[in-house]
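> Sharing a model prediction with you, sequence too.
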Amino acid sequence: MREKSLAWSERFAFGIDAIDDQHRRLFDYLERLDASLRRGEGWLALRELLDEVAHWADLHFAVEEALMEIMGYPGAAAHIEGHRRFKAALDGYRTQAVTDSIAHQTSELLYGWLTEHIDGDDRKYAEYFRQRLGPGAG
């Protein structure tokens, strides 16, 4: 039995409403994926959930990357590379789901990447945005 929750926590909030809402939604998908894995649902259900995660991640990454370009964020190239690595890993999980060999640790691995990315890379651009936009930005 897992000791920690895969749920959203306010510690991941930056005060940028659109980004915080998108991050919450990504956590919701991971919780659904974890529950599906624990219930032993078949490959089709897992693949559909992973497809939803991939679709939402693509939308979220596009928003972040556009904001970085607009704001002239100097760390954009490295940040975007992190997005590309995540998408490649997610594509691998989606392939595994089709062959019914997806591991029960998948949701926890995705959660680990997401929390590390938000706490590290995303927090950096959020701080940069707040400095550029001034007080009350969000």
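Looks like it arrived, so ask away. Residues are numbered from 1 along each chain as shown.
> and E48, how many neighbours?
13 (other CB atoms under 10 Å). Heads up, the C-betas are built off the backbone N, CA and C, glycines and all.
> before we move on, what about H117?
H117, neighbours per other CB under 10 Å, totals 18.
> host element of it?
helix 106-117 (DSSP states H and E).
> Please state the offset of that helix from the chain centre?
With CA atoms, centre = their mean, to the nearest Å as the basis, helix 106-117 stands 8 Å off its chain's centre.
> next helix or strand past it?
Sequence-wise, the next helix or strand downstream of helix 106-117 (DSSP H and E) is helix 123-133.
> buried sites along that next one?
Neighbour-count burial for helix 123-133 flags Y125, A126, Y128, F129, R130 (criterion: 16 or more other CB atoms under 10 Å).
> what's the average pLDDT for it?
The pLDDT scores in helix 123-133 average 90.
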